[in-house]
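1. Model the structure of this input:
(one chain, ligands or ions: 1)
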Amino acid sequence: MKDYTNIEILEEIMSKIIVIGGAGFIGSHLVDALLDLKHQLIVIDDFSTGKKENLRKSSSRILLIREPILLTSGLLNKIPLTLKGADCIYHLAALPRIERSIDDPLGTHRANVEGTLVALELARKLGVKRFIYTSSSSVYGIQKRLPLKESFIPNPQNPYAYQKLMGEYYCQLYSQIYNLPVTIFRLFNVYGPRMISKGSYKLVFIKWLEQKKKNIPLSIYGSGEQTRDFTYISDAIDGLMRGRAVKEHFDIFNLGGGSQISIENLAKFFNHPTIYLPERLHEEKFKEADISKAKRILAWKPSISISEGVGKFMDYYGI
Ligand SMILES: NC(=O)c1ccc[n+]([C@@H]2O[C@H](COP(=O)([O-])OP(=O)(O)OC[C@H]3O[C@@H](n4cnc5c(N)ncnc54)[C@H](O)[C@@H]3O)[C@@H](O)[C@H]2O)c1
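-> Below you'll find the model as predicted:
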């Protein structure tokens, strides 16, 4: 278990916390970490991409509301008694992946923008002490300089990135108009156990894992020179856990590994032949997080290097 004493989080032991999207990849790890600190947890999830098995470890210790966070959901009209008195909402629910948002801009808008607005409204009605929103490094889009700093003007390139940015703007609006304290995290390519492994919108790690298992070449889009900044799941969770202790009324933090790696070099860790496919449009070429703000203010830093993380990932999936 991590020691969070240096950020005064222990004084809030036994808080009631709501995790929206808690059955997903990142959400379910967050649930486990919050339970380790003995918080009372309520998970809201519609299982659109999340899985029951992600909550296997925690299911007997959480209250699960299987309901979409959307305008059509009954949650706002009749707030369940169990949600009353909640201190904090972590809002992770989304339909992620750029390709999905290009295929289905309306469906992803509903989940990613309308869903965030409804989550904020729930936070306002409950009077929670802080709302924590998982945004994405995609909001930066194409920039002239690296590493990407929170102060850069966003330049999104696809529906998903726009939707995550709209979510940020709604957060800012609620913090200004309704005085809701908000922490936003811009996550950079999180990977690790429980990554979504079904359906057609998979992250590169899962795609390559399947290709290696089937003994077919790992697919690389474009030249392979494009870079990403990968964050191991435990480091991302460590950062998210610190979000409740933020003092500023509204603040944004990058959470990333803090260094870029090309897709071509990442593939080398998989020790398997590769095949090059046409470049994917509407995606930024280079990504590297400036993590100095999270280091300075949250006393956070990533502890798992990419080589260590890939090793852990392969061990977990048995390759
Ligand atoms: N995984 C990454 O690398 C990454 C990077 C940047 C940002 N993020 C953000 O982090 C968050 C979590 O991502 P993830 O990778 O764990 O995704 P995920 O798909 O595994 O988890 C999302 C969860 O939200 C639930 N959900 C979706 N729409 C819902 C709705 N309307 N109502 C209730 N539940 C709903 C899904 O069932 C799922 O359990 C997302 O907001 C995503 O945009 C993730």
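2. those helices in the stretch 201-319 of the chain, which residues are they?
-> Under the criterion DSSP state H, counting those that start in this stretch, the stretch 201-319 of the chain carries helices at the ranges 204-213, 233-241, 263-268, 292-298, 306-317.
3. between these, which one is nearest to the ligand?
-> Nearest of the helices of the stretch 201-319 of the chain to the ligand, taken as C-beta to the nearest ligand atom: helix 233-241 at 7.9 Å. For glycine as for every other residue, the C-beta is placed from the backbone atoms N, C-alpha and C.
4. do that closest one and the ligand meet at all?
-> No. With C-beta under 6 Å from any ligand atom as the criterion, the ligand is not reached by helix 233-241; the gap is at least 7.9 Å.
5. and that helix, what other elements does it pack with?
-> If you count contacts as 3 or more C-beta pairs under 8 Å, 6 or more residues apart in numbering; DSSP states H and E, helix 233-241 packs onto helix 25-36, strand 182-187, strand 190-191, strand 250-255.
6. how far does that helix sit from the chain's center?
-> The gap between where helix 233-241 is centred and where its chain is centred comes out at 10 Å by C-alpha atoms, centre = their mean, to the nearest Å.
7. Tell me which residues are up against that helix.
-> 2, 4, 9, 25-26, 29-30, 33-34, 37, 90, 132, 134, 185, 187, 190-194, 253, 255, 257, 294, 298, 300, 302-304 (C-beta atoms under 8 Å, 6 or more residues apart in numbering).
8. re earlier: tabulate the helices and strands packed on helix 233-241 (TSV), appending distance to the ligand.
-> Output for the helices and strands packed on helix 233-241, formatted as TSV (distance: least, C-beta to the nearest ligand atom, whole Å):
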stretch	distance to the ligand
helix 25-36	4
strand 182-187	4
strand 190-191	4
strand 250-255	9
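9. Columns mean neighbour count and distance to residue 309 on top of those, output as a markdown table?
-> Formatted as a markdown table, the helices and strands packed on helix 233-241 follow (neighbours: other C-beta atoms under 10 Å; distance: least, C-beta to C-beta, whole Å):
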| stretch | mean neighbour count | distance to residue 309 |
| --- | --- | --- |
| helix 25-36 | 22 | 14 |
| strand 182-187 | 25 | 15 |
| strand 190-191 | 23 | 7 |
| strand 250-255 | 22 | 14 |
